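**Q** mind looking at a prediction? Sequence and model below.
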Amino acid sequence: MSFEVDIDKTVTSARRSFRLRVQFRTSARRSVIFGPSGAGKSLTLQALAGLLAPDSGRIAFDGEPLFDKAAGIDIPARQRGFGYLFQDYALFPRLNVRQNIAFGLQTGWRNPAAQVGGDAVERWLQAFELGEVASQRPAELSGGQRQRTALARALVHSPRALLLDEPFSALDPELRDRMRAELDELLQRIDIPVVMITHDPEDLAWFGDEALYLRDGAITVAPPAPERRVSTRLRAI
């Protein structure tokens, strides 16, 4: 499976105008879009997910067009079949763990019942060792438990790809290493394509089967960095 991206988007605010002009093609199981804050990483991931419509261009997954401005194609986010992990996890504070996970299966806006079940929900509660906190709300959870809850919600509908927005930035440094190892093990088990965005070289070292360096809204070839401990394939498209 592969992502093909060739998009152009200009975002204007009162302070500045920013142009995103991203072109890349990747068939790696784990692709990392790496770059500094303000480079356009989140905008790129939102465009893949269907949360942001480019001004022009095309996005395809496994040969299927998801967005094509010229052809008038813009598949809604929910129909793209991707799991999305937000940087701050975006858990619903008034829903418990079980309800937050089940929300990924919702077709309407009514909250799931407090004791909602089902094979998919139970599977991820067990897989992420969340059974004991299933009735607790996000404020009562540790940082790692919140991340696992958000991941479970992203995976509960069996997505065909997983999009990760700075998945470790909300964690303290000691917890980051443990959660990287846990996510690495999980990704090996579920074996679905992943696109991660990050500014942290440690994330790139763990998950960068293919690295795409984003700077000033465009993909470039990244210079070698001493903190990268694994080889990555860098490519400008």
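**A** Noted; the coordinates are in hand.

**Q** next SSE after the helix of greatest length in the chain?
**A** Counting residues, the longest helix found in the chain (DSSP state H) is helix 173-190. Under the assignment DSSP states H and E, the closest C-terminal helix or strand after helix 173-190 is strand 194-198.

**Q** what helices and strands are in contact with that next one?
**A** With contacts taken as 3 or more CB pairs under 8 Å, 6 or more residues apart in numbering; DSSP states H and E, strand 194-198 sits against strand 30-34, helix 41-49, strand 161-165, helix 201-207. Bear in mind the C-beta positions are built from the backbone N, C-alpha and C, glycine included.

**Q** want to try CSV for these, with distance to T12 as columns?
**A** Supplementary listing: the helices and strands packed on strand 194-198 in CSV, determined by distance: least, CB to CB, whole Å:
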stretch, distance to T12
strand 30-34, 23
helix 41-49, 13
strand 161-165, 22
helix 201-207, 30
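
**Q** to A90, which of those lies closest?
**A** Comparing the helices and strands packed on strand 194-198 by their distance to A90 (CB to CB), the top pick is strand 161-165, with 9.6 Å.

**Q** now the closest one and helix 41-49, what's the angle there?
**A** Strand 161-165 and helix 41-49 are oriented at 160 degrees to each other (axes from the mean of the first three to the mean of the last three CA atoms, to 10 degrees).

**Q** chain center to strand 161-165: distance?
**A** Put simply, strand 161-165 sits 2 Å off its chain's centre (CA atoms, centre = their mean, to the nearest Å).

**Q** can I get it as CSV, trimmed to CA atoms?
**A** Taking C-alpha atoms only, strand 161-165 is exported to CSV below (Å, rounded to 0.1, in the frame of the first residue of the first chain):
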residue,chain,number,x,y,z
ALA,A,161,-3.8,3.1,7.8
LEU,A,162,-2.9,5.0,11.0
LEU,A,163,-2.0,8.7,11.1
LEU,A,164,-0.1,9.9,14.2
ASP,A,165,0.3,13.6,15.1
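
**Q** list the buried residues for that strand?
**A** Using 16 or more other CB atoms under 10 Å as the test for burial, strand 161-165 gives A161, L162, L163, L164, D165.
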